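Chemist: Everything below, folded, please.
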Amino acid sequence: MMTIAGAFTVIIMLVGVIGNLLTLMALLRHSKIRTVAAAFIASYYFFSLCLSDLLFCFLVLPFSASQFFHGTWIHGEILCTMIPTLRYGTIGVSLLSIASISINRYILIAWPQLYSQIYTKTKVFMYITAIWLFSYGLQIPTLMGQWGEYGMDERLGTCSIKKDKNGNSSKTALFIIGFALPSVVIVICYSSIFWVVRKSHKRLAQHCSNDGKFKRSEMKITKMVLVIFICFVVCYLPITISKVFDPDVKHAPLHVLGYLLLYLGSCVNPVVYVTMNKQYRNAYLETIKCRYNSNLESGNTPANTPTKTQGMSVAYLKKPPHPNVH
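Modeler: Here you go, the predicted model:
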């Protein structure tokens, strides 16, 4: 079982490194996928998400595979602290980034008149910086030995968070905060999104076709984030259940399966981008071909030129339909 788990971890690592690196390159090199309506702002969160997943795959998974193959940790005490810190930090960034993207989608659809005030380049940079600081800052007490401590967990044969001298550990709290909090935020956001969309469906249908295309474009991005959330639940729920309800590792296979699904979560997002978003799919192809800033679509509109659809959509979202429209 451990050998098979190690082999799967290596496969996940390779797919995750290639997929996330390709996504980061596509976001950096192709302006089109950053200028499609409000996807410009969402792309910053996608960048943060992919960067954390890339670091996880590149820096953490090689040691995880080694643990499965050797059945124990063989890389010394210093790395026994560094790697778990990176693991929990990158996972925290990924989960909070997904939750932040959901909030971004909700404000765009439910409060469009406030969107440009809440999401500027400077503010989004501050939001993302706060996510990274919070994810790693939450581990400072454990690093200082005040809320559990990092070390070799003999029950799992891996380096993780153990109970300190007072019998305290932050592991359960981290999994609850890392899974439960983002889940609640995402569920609330999407419930609100679907409620708003349902209420405004008739009004949107009565408006012009160009604005309808804009809304469809935004809803495609929103649906993509929803699929990412579903993948997030599938990948993170088993390990959360294992850590919360089986802290003494009485059911080892459940923990191994939970870890594999956790690792899988670091490489699944690029697959979602490719299958659900044409702009990302074309950007990947152009990146592989070493082409820069192509339109990625069949139109001739320059990538950095605001389209008529983008301009009129903001005006439409800020005011109700004309009273003569029935």
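Chemist: Wait, a strand at Cys290?
Modeler: No - applying DSSP: H, G, I helix; E, B strand; the rest coil, one finds Cys290 to be coil, outside a strand.
Chemist: From Cys50, how far off is it?
Modeler: Distance check for Cys290 against Cys50: by C-beta to C-beta, to the nearest Å, it reads 20 Å. In this view, the C-beta of every residue, glycine as well, is placed from N, C-alpha and C.
Chemist: Neighbour count: those two, which is higher?
Modeler: Cys50 (26 against 8; other C-beta atoms under 10 Å).
Chemist: For that one, give me its contacts.
Modeler: By C-beta atoms under 8 Å, 6 or more residues apart in numbering, the contact set of Cys50 is 20, 23-24, 27, 269-270.
Chemist: Could you rerun that using 7 Å?
Modeler: By C-beta atoms under 7 Å, 6 or more residues apart in numbering, the contact set of Cys50 is 20, 23-24, 269.
Chemist: ok, Leu96 - contacts?
Modeler: With contact taken as C-beta under 7 Å, 6+ apart, Leu96 is in contact with 131, 135, 182.
Chemist: which residue packs closest to His255, ignoring adjacent ones?
Modeler: Distances taken as C-beta to C-beta, 6 or more residues apart in numbering place Ser242 nearest to His255, at 4.9 Å, with adjacent residues excluded.
Chemist: Next SSE downstream of the strand or helix carrying the one you found?
Modeler: Ser242 is part of helix 209-245, with elements assigned from DSSP states H and E. Proceeding N to C from helix 209-245, the next assigned helix or strand is helix 252-264, under DSSP H and E.
Chemist: contact partners of that following helix?
Modeler: Under the contact criterion C-beta under 7 Å, 6+ apart, helix 252-264 has outside partners 1, 5, 8-9, 12, 61, 64, 156, 234-236, 238-239, 242, 246, 249.
Chemist: try stretch 78-89
Modeler: Taking C-beta under 7 Å, 6+ apart as the rule, stretch 78-89 contacts 55, 59-60, 63, 73, 135-136, 139, 143, 150-152, 159-161, 174.
Chemist: List only those of the residues you listed flagged as buried.
Modeler: Burial by neighbour count, 16 or more other C-beta atoms under 10 Å: within these this picks out 55, 60, 63, 73, 135-136, 139, 150-151, 159-161, 174.
Chemist: tell me which of these is nearest to Gln113?
Modeler: Ser135 (31.4 Å; C-beta to C-beta).
Chemist: In this model Ser97 seems to touch that closest one, though I could be wrong.
Modeler: No - contact criterion C-beta atoms under 7 Å: Ser135 and Ser97 do not qualify, at 9.5 Å.
Chemist: Doesn't Ile161 belong to a strand?
Modeler: Yes - counting by three-state DSSP, Ile161 is part of a strand.
Chemist: Any regions of the protein where pLDDT drops low?
Modeler: 30-41, 156, 198, 200-219, 221, 291-326 (pLDDT under 70).
Chemist: So which residues of it form strands?
Modeler: With strands called from DSSP state E, the chain shows them at 149-153, 158-162.
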